[in-house]
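> return a 3D structure for these sequence lines:
(one chain, ligands or ions: 1)
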Amino acid sequence: MKNRFSTKITTFVIVILLFVIITMVYASYLISENFYKENLRNDVEHRLRSHAIAIEHQFDLPTINHVFLMEQKEDVHLGLFDQNLQLILQSDSLDDEWVDTYREWIKDQLAVEHPFPIIDDVHTGIGFHIPHIWGVHPIVTQGEIQGYLFMDQDTEKFEATKAKLIQLFGIMGIITFIIGFFLLMYLTNKMSRPLREMGRATTEIANGNFENIPKESGSDEVGQLARDIKSMAHQLKEYRDSRQQFISHISHDLRTPITYIKGYSAILKDSADLKEEERIRTVEVIYNEATRMEHLVQDLFQLSKLEEGRIGIQKEKFQALPWLSQLIESRTMQLEKKNVTLKLRSNQEDIVLFADEFHLSKAVVNLVENSIRYCQSGDEIEVAVFKEGKQVCINITDTGIGIPEADIPHIWDRFYRVDKARTSHSGGSGLGLAIVKQIIELHNGTVTVQSQVGVGTTFSLCLPDST
Ligand code: ADP
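As a prediction, the model looks like this:
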């Protein structure tokens, strides 16, 4: 991969590293060069002055010879010129051309007023392979200039040190660069490998493969990201599975009424000599099945709207007891048909609810209908409304078949039925409790259940009390 994260970081840091190394090497070189040169200049100045003082003090041949003897070195050339700049003595013999060059330089220096000794760096134009330092000091006795002492010091020692220094800096720079490069490659690779793995994993997840999830490594940001991706994959898998289950439930629950409707309408279509009684019974079956289908579709539609948050809750204040009596009244026929009695109870007359009356009615009706559905002849249902702390609660208790403990956590799931043999044909849509839960949660309330097989069930809806 060309534009890899590690390549980008490595290139960026290497460029910075190179820049820093070059700047540091160059700065150290300049500092040491200036320092060494300054020292050498001071040294030449000091020697020239001391020799001139010694000669001035005792202006005779032995003293001059002694001074010249002291400067018998390879990198130094000493010359004594008279006041007319004619060479009197030199430390080693040079050809006339060189002597003329020295003389011209001294002449140039003397033409301008300077404090003595005059020291200058001579770099080019003379034919040196390395820079030289030249200096001149007058020899004055009894107030009269006797001549000029000239010194030419080459900087070979300095040049050798400089070359060594450059070599050293170069080696240090290369070593730093190599170590830095490999260290960086290692670190950036270590950092980017899990990111690449996660990239691969998210592509797999996008393709519907939830198995190849990156391992959670470490407690840093990358580890956290891996954990987040894992949890996302888990949720996506659950979502996919529940969607598949949902679709299979719907198609299953729709197939039965469709089969009935199709079969009975075929009878109507094909049997011209059907008796009036039979015709009415057939039409009734078709009507009942169509109604069941309608309920299932309505419940589905309502649940999906509730889950997507497309239903706005319009809260208003209303009296609980008259509202509940009316709801119960509308179920009288069902209750009588099943020979089940229903009582309404309250410990207080004027309990006021602050809720969306339409949706709360749907929730309570679902629970009451469930109680009727799962009760047998002679059973009892009680609807109780009461205040409890800062809540108003509605309990729907029945003496019906009850729910096994293991099923209780799942009854809120869509299409979950304790008795798997039941379908929308024999029971409810399987969506009732999921709808109840959504409605109560939208009211910031809670819904709980207590049940015992063979004893009965109590569903408890609690809403915040707004009075
Ligand atoms: P259904 O349409 O099947 O009643 P629900 O979502 O309303 O779907 O309920 C889910 C399951 O919970 C039911 O299938 C039933 O097994 C169980 N259930 C709900 N209410 C009661 C109750 N009052 N008594 C016994 N079982 C109940």
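
> can you pull up the residues of the stretch 301-450 of the chain that come close to the ligand?
Applying the criterion CB under 6 Å from any ligand atom, the portion of the stretch 301-450 of the chain that neighbours the ligand consists of 370-371, 374, 398, 400-403, 411, 416-419, 427-434. To be clear about C-beta, it is placed using only N, CA and C from the backbone, and glycine gets the same treatment.

> narrow those residues to those in strands?
Filtering those for membership in strands, criterion DSSP state E, returns Asp398.

> which residues of the stretch 201-350 of the chain fall in strands?
With DSSP state E, counting those that start in this stretch applied, the stretch 201-350 of the chain shows strands at 316-319, 341-346, listed in chain order.

> same list (the ones you listed) but as a markdown table, adding mean neighbour count, mean pLDDT and distance to Asp465.
Conversion of the strands of the stretch 201-350 of the chain to a markdown table gives the following (neighbours: other CB atoms under 10 Å; pLDDT from 0 to 100; distance: least, CB to CB, whole Å):
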| stretch | mean neighbour count | mean pLDDT | distance to Asp465 |
| --- | --- | --- | --- |
| strand 316-319 | 12 | 94 | 11 |
| strand 341-346 | 15 | 94 | 14 |
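
> please identify the helix or strand for the residue of the stretch 51-200 of the chain found nearest the ligand.
The shortest separation between the stretch 51-200 of the chain and the ligand is 39.4 Å, found at Met198 (distances taken as CB to the nearest ligand atom). Element membership of Met198, judged by DSSP states H and E, is helix 156-206.

> count of neighbours near the residue of the stretch 151-300 of the chain found nearest the ligand?
Residue nearest to the ligand within the stretch 151-300 of the chain (CB to the nearest ligand atom): Asp299, separated by 8.4 Å. For Asp299, the tally of surrounding residues (other CB atoms under 10 Å) stands at 21.

> run a quick check on it versus Ser429, I expect a contact.
Yes: taking CB atoms under 8 Å as the contact criterion, Asp299 and Ser429 are neighbours in contact, 4.5 Å apart.

> now for these two: what residues contact both?
Between them, Asp299 and Ser429 share no contacting residue under CB atoms under 8 Å, 6 or more residues apart in numbering.

> residues touching the residue of the stretch 151-300 of the chain closest to the ligand, list them.
Asp299 is in contact with 429, 431-432, 435, counting by CB under 8 Å, 6+ apart.

> for the ligand, state which of these is nearest.
The ligand has its nearest neighbour among those in Gly432, at 2.7 Å by CB to the nearest ligand atom.

> burial count for the closest one?
Gly432 sits with 21 neighbouring residues when counted by other CB under 10 Å.

> which residues are in contact with the closest residue in space to His234 that isn't next to it in sequence?
The shortest distance from His234 to any non-neighbouring residue, by CB to CB, 6 or more residues apart in numbering, is to Phe210 (7.7 Å). With contact set as CB under 8 Å, 6+ apart, Phe210 has these partners: 204, 233-234, 236-237, 240.

> okay, and the helix or strand of the protein with the least pLDDT?
Counting by mean pLDDT, DSSP states H and E, the chain has its least confident helix or strand at strand 118-122, which shows a mean of 80.

> each with direction, which strands does that strand pair with?
In the sheet containing strand 118-122, its partner strands are strand 132-141 (antiparallel), by DSSP bridges.

> chain center to the following helix or strand past the strand it pairs with, what's the gap?
Taking DSSP H and E as the definition, the helix or strand that follows strand 132-141 towards the C-terminus is strand 144-154. Per CA atoms, centre = their mean, to the nearest Å, the displacement of strand 144-154 from the mean C-alpha position of its chain is 75 Å.

> what is the neighbour count of the residue of the chain found nearest the ligand?
Scanning the chain for proximity to the ligand using CB to the nearest ligand atom identifies Gly428 as nearest, at 2.1 Å. Around Gly428 sit 20 other residues, with neighbours defined as other CB under 10 Å.

> model confidence for it, exactly?
At Gly428, the pLDDT value in this model is 73.

> with Glu216 instead?
64.

> show me where the stretch 1-150 of the chain has helices.
Residue ranges of the helices in the stretch 1-150 of the chain, as given by DSSP state H, counting those that start in this stretch, are 5-57, 61-70, 96-111.

> so what angle separates the directions of the longest one and helix 61-70?
The directions of helix 5-57 and helix 61-70 differ by 170 degrees, with axes from the mean of the first three to the mean of the last three CA atoms, to 10 degrees as the criterion.

> and the average pLDDT for helix 5-57 is what?
Per-region confidence: helix 5-57 scores 85 on mean pLDDT.

> same thing with stretch 78-96?
Per-residue pLDDT values across stretch 78-96 average out to 85.
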